[in-house]
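Engineer: Next one to model:
(2 chains)
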Amino acid sequence: DVKVTQSSRYLVKRTGEKVFLECVQDMDHENMFWYRQDPGLGLRLIYFSYDVKMKEKGDIPEGYSVSREKKERFSLILESASTNQTSMYLCASSPTPYSGGGTDTQYFGPGTRLTVL
Amino acid sequence: EDQVTQSPEALRLQEGESSSLNCSYTVSGLRGLFWYRQDPGKGPEFLFTLYSAGEEKEKERLKATLTKKESFLHITAPKPEDSATYLCAVQPYSSASKIIFGSGTRLSIRP
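Structural biologist: Below you'll find the predicted structure:
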């Protein structure tokens, strides 16, 4: 079974703090993703990565950065946390589809509920 | 623009009362369609991937079907433990690994 783990289930931080959210996957997947999920807004993609040291902006990258130094680990960084970043953060990983077809099904971690006071 | 619409937003059923959840999609070319289950406070759990119109997949009381414009998640004789939010997502050929999620259907099964 694919296993995606996230460093914390619950996190409480203060406005202005630097916040690190860690994600680790054990299936040697090339792709990793960070989403946030808010009531009424669904899942929104923040950043994703195709490979080590590669990153691409998603739909809502403002206020976030990412780091991928090893294939299995993808970190989300809030440089200066703000109250509007209070949310559920979800990490996912997927393999690269076979050439000529196939999908890259995404597998999710348990989520980190971040509260910024 | 690629998009996914799920209906209804919420559905309440009696235990044993079968029904269907709908996922309508618009994409330039479909690489795959996914169904996930999400329990409150947890990450989405993968259920099915469908690749082409006419395809069906089953798992316990759930069956997913796919046409060129929509997918259905049929739930047969549901139990209270089937209560969850069900998410549909699509991957366009143009997406380079990204997938587009619908807003989900909250399913509640009363004993």
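Engineer: nearest spatial neighbour of residue 70, skipping sequence neighbours?
Structural biologist: The chain I'm using is chain A. Spatial nearest neighbour of A:Lys70, chain neighbours left out: A:Val52 (6.5 Å); criterion: Cβ to Cβ, 6 or more residues apart in numbering or on different chains. Heads up, the C-betas are built off the backbone N, CA and C, glycines and all.
Engineer: Not quite, go with chain B.
Structural biologist: Distances taken as Cβ to Cβ, 6+ apart put B:Ser24 closest to B:Glu70, at 4.6 Å, once the chain neighbours are dropped.
Engineer: Would you mind measuring from the one you found to A:Val116?
Structural biologist: Distance, B:Ser24 to A:Val116, by Cβ to Cβ, to the nearest Å: 36 Å.
Engineer: Have a look at those two and say which one is more surrounded.
Structural biologist: Neighbours were counted for B:Ser24 and for A:Val116 using other Cβ atoms under 10 Å in any protein chain shown; A:Val116 has more, 19 against 15.
Engineer: My understanding was that B:Cys23 contacts B:Thr5; is that so?
Structural biologist: Yes - proximity of B:Cys23 to B:Thr5 meets the contact threshold set by Cβ atoms under 8 Å, at 7.4 Å.
Engineer: anything in contact with each of those two?
Structural biologist: B:Gly102 (Cβ atoms under 8 Å, 6 or more residues apart in numbering or on different chains).
Engineer: who's more crowded, the two?
Structural biologist: The neighbour count for B:Cys23 versus B:Thr5, taken as other Cβ under 10 Å, is higher for B:Cys23 (26 against 13).
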